[in-house]
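J.: I would like the atomic coordinates for the input below:
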Amino acid sequence: MPVVDVDPDELRKLAGAEDRSDEELKDDLFALGLEFEGLGDDGAFELEFAPDRLDRLSVEGIARSLRYQYGHDRGVYVPKTNDAEWVIEVDESVPEERPYVTGAIVRGLDLDERRLESLIQLQEKLHATMGRGRAKGAIGVHDLAMIKGRAARGDDDAPKTISYRGVEPDGDRFVPLDDDEERTPGEVLDTHPTGDTYRDLVEGLDRYPAIYDDIGLFSFPPVINGKRTEVDEGSRDLLIEMTGTDQWTIDRMLTIVCYALDARGGRIEEVDVRYDDREFVRPDLSTDTKRVGHDRIERTLGIDVPGKEVVDLLERAGLSAETVDAGEERGEPEVPADDVELETVPNRTQGPDTAGGGGRSGAEPDGKPVDEGLVYEVEIPPYRVDVLHPMDIVDDVGRAYGFNDLEPTYPDVSTVGGRHAHSRLEDAARDALVGLGFEDLLNFYMTNEAALFDRMGLSPDHDALGARGPPTITEPYSEEYTVVRTWALPSLVMVLESNTHRAYPQDLAEIGLVSGVDPDEPTGVEEHRSVAGVLARTDASYEDAKARLQALARAFGKTLETPPTDHPSFIRGRTAEIVLDGESVGVLGEVHPKVLVEHDLELPVAAFEFRLDALR
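T.: Numbering: from 1, shown residues only. You can find the predicted model right below:
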């Protein structure tokens, strides 16, 4: 999960918490879902958090959440914006693989070293998360003073224009960041370290994305900015431009950056974005609304809480809420929010805890709930890209209430939980493998087809263990993880490949998920647990692997047979089926030399793999 370095003194200042000690601050951050991972450079807090709250990728965003938690701020805040003085024109030459752009101007900043570092960290963290390594969205930050906008001749009041267009790989030249010589975009990819890192994002395109002002090319997204517009501590006005493959994504990334700079005293100025067939104003700071019922909040959190307090909690979570009657949702006459009766209760931060068990705190003397049937219409700020469902709002209510304040209760059911038979079998098999001298591993279930098939000398068309169509990921995050594995041995062999610097022998085992495409299954995918083991040593042989397997079968009262068979990943004549109680469930043998060479292994390897449920 993302880790952000935060200066605790700066965080205290921005959050209005100068009197909080480091330990108190850590507790406050943990209540928000931010885990302290240790101290970084210069005593900075290293904070890890779930990647849904991307607005907290900077010290400014974390401080905003703390201010709400402390009650310093309440409700939805939307920065004011000035009218647009700049235009981004999208030329028809823009590569169709990266057609979208957005932008904003931020004026009046007072950047020092720490503030600039925070902006750069936010930029890179957004690249790594929402931007998918700059593939889906890339951020360019420029010193506006160094950009000359094109304006209509003779019209000083006309908006200044920059253009997003395509450029030939050997076209216009510019000086990239961390360089002193003019280069074409193609030369940047060939000679610049940053160009080499991100070349795969544009390589193969007939024209590369580029942004021009009246002087010339100053940005080569998603690869690198030009040196002419580099931001430093003297920069006061910034142009934020973002390009990508999805308009919604880059617009939300822009919103998060604008909120962070607004917290630093920047004044947000709109930018007109003009395509051939449409025109709009950015940044998009419009809010969204969702509805959630009072009974759903109480039922999910297991608390009795008055409606007045729910509104208070939502405002302390950075949201705004109004109440409507549930009849409106059923098509009944609308009841104005002002006419909905809410019990007045003290603020939880100042008054008694209302989370105690027993009767409903929001009930009239006759026992009728005052707030029964309430529905909250909740306004969501534009930086909250994580709120997709009413349950996300319930989660915010729970965090503002304090999950540590919830009193645990036994479920009102007559059953007692216990380990599932599948889990008990897996634990027993794992214990037996460890007892036989194997080191237990847990590998990723996702991998790629080359690792599953090509490097193992196998094809999905073979009639062999592991040879079947793998479930594929439609939009993979990385080329390393494009499919779910069909067998576990490739994972163990890759561990051996990574451990060639370690001492031998290396006896490794894993019990993990494998799957394959199966149209007969309701989900289209068949999956089960597989037991795999490898023996890597100078004297590793078929007999060694069979001896371990025989002991494992005996421990579970199974009869083992090993008739000869062939498998492309193993040596012919040194390979056998694994037959337990008369059922063929796997393969056993010595790994083929071509597989060893492919993985840079210099010692022989014996291995086996079979279905876990065969031990039942």
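
J.: need the next SSE after the helix or strand bottoming out on mean pLDDT in the chain, C-terminal direction.
T.: The weakest-scoring helix or strand in the chain, judged by mean pLDDT, DSSP states H and E, is strand 320-325 (a mean of 85). Using DSSP states H and E, the helix or strand that follows strand 320-325 in sequence is strand 374-380.

J.: Averaged pLDDT, that next one. What do you get?
T.: Averaged across strand 374-380, the pLDDT comes to 94.

J.: Relative to that strand, what are the paired strands and their orientations?
T.: strand 288-293 (antiparallel), strand 320-325 (antiparallel) (DSSP bridges).

J.: CA atoms of it as CSV?
T.: C-alpha atoms of strand 374-380 as CSV (Å, rounded to 0.1, in the frame of the first residue of the first chain):
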residue,chain,number,x,y,z
LEU,A,374,-34.9,9.3,8.0
VAL,A,375,-32.8,9.4,4.9
TYR,A,376,-29.7,11.6,4.6
GLU,A,377,-28.9,13.3,1.3
VAL,A,378,-25.1,13.6,1.6
GLU,A,379,-23.0,16.0,-0.4
ILE,A,380,-19.5,14.7,-1.3
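
J.: pLDDT weak spots in the stretch 1-150 of the chain?
T.: Filtered on pLDDT under 70, the stretch 1-150 of the chain yields the residue ranges 1.

J.: and the gap between Gly402 and Val305?
T.: Counting by CB to CB, to the nearest Å, the gap from Gly402 to Val305 is 12 Å. C-beta: built from backbone N, CA, C; applies to glycine.

J.: between these two, which one's more packed in?
T.: The neighbour comparison of Gly402 against Val305 (other CB atoms under 10 Å) goes to Val305, with 23 against 15.

J.: what's the helix or strand for that one?
T.: Under the assignment given by DSSP H and E, Val305 is not contained in any helix or strand.

J.: hmm, back to that, could you export the strands paired with strand 374-380 to a markdown table, including columns for mean neighbour count?
T.: As requested, those are arranged in a markdown table below (neighbours: other CB atoms under 10 Å):
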| stretch | mean neighbour count |
| --- | --- |
| strand 288-293 | 16 |
| strand 320-325 | 20 |
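
J.: With respect to Val483, which of those strands lies nearest?
T.: With CB to CB as the measure, strand 288-293 is the member of those nearest Val483 (35.3 Å).

J.: what does the closest one contact?
T.: With contacts defined as CB atoms under 8 Å, 6 or more residues apart in numbering, strand 288-293 is touched by 324, 326, 329, 374-380, 382, 387, 389-390, 393-394.

J.: which of these lies closest to Gly589?
T.: For these, the residue nearest Gly589 by CB to CB is His389; the value is 49.9 Å.

J.: How many residues are close by Asp91?
T.: 13.

J.: Check which residues of stretch 128-136 are buried.
T.: Thr129, Met130, Gly131, Arg132, Gly133, Arg134, Ala135, Lys136 (16 or more other CB atoms under 10 Å).

J.: Can you tell me which of the residues you listed is closest to Glu181?
T.: Arg134 (23.7 Å).

J.: For that closest one, give its distance to Pro519.
T.: For Arg134, the distance to Pro519 under the criterion CB to CB works out to 37 Å.
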